[in-house]
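K.L.:
coordinates only, sequence not included:
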């Protein structure tokens with residue numbers, strides 16, 4: 001007996017999410033805890049469910065998510081991308097809907113590194129003429 005499973009990787013800032021979609025009844029498990037416990041802010045939960053709502057598959061899949069690195073917002077963005085990619089693997093017709101809503105685009109913004117001779121990435125020490 002083989003279990004059909006679809007996989008998607010999502011990244012955002014320093015977070016990496018591995019998402020597994022399995023046919024089921026709509027349970028979302030993040031790092032072995034229910035999504036409601038792991039992500040406690042309502043706005044973050046909406047971000048996660050966005051690809052599922054657009055494709056109309058909120059109750060079609062059980063989702064297992066392993067996510068690490070970064071904060072909760074970065075992790076939520078990574079999970080969203082992972083879910084969108086896994087949905088494309090599950091049904092290629094979902095691709096046009098997800099792409100037109102910008103859910104298949106990786107957000108490449110990261111924290112810029114601190115440079116030597118400066119207190120931060122862009123900020124300079126105060127200039128003194130005398």
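P.N.:
Structure received. Quick caveat, the model's predicted, so the values are computed rather than measured.

K.L.:
For the residue nearest the centre of the chain, give me its contacts.
P.N.:
The chain has residue 78 as the residue nearest its centroid, 1.9 Å off, counting by C-alpha atoms, centre = their mean. Shown in contact with residue 78 (C-beta atoms under 8 Å, 6 or more residues apart in numbering): 10, 11, 12, 15, 16, 17, 67, 70. Using the backbone N, CA and C atoms, a C-beta is placed for each residue, glycine as well.

K.L.:
For it, give me the pLDDT.
P.N.:
Residue 78 carries a pLDDT value of 95.

K.L.:
can you check residue 48 too?
P.N.:
pLDDT for residue 48: 89.

K.L.:
and if you look at residue 127?
P.N.:
pLDDT, residue 127: 92.

K.L.:
Show me the shaky parts of the protein.
P.N.:
1-2 (pLDDT under 70).
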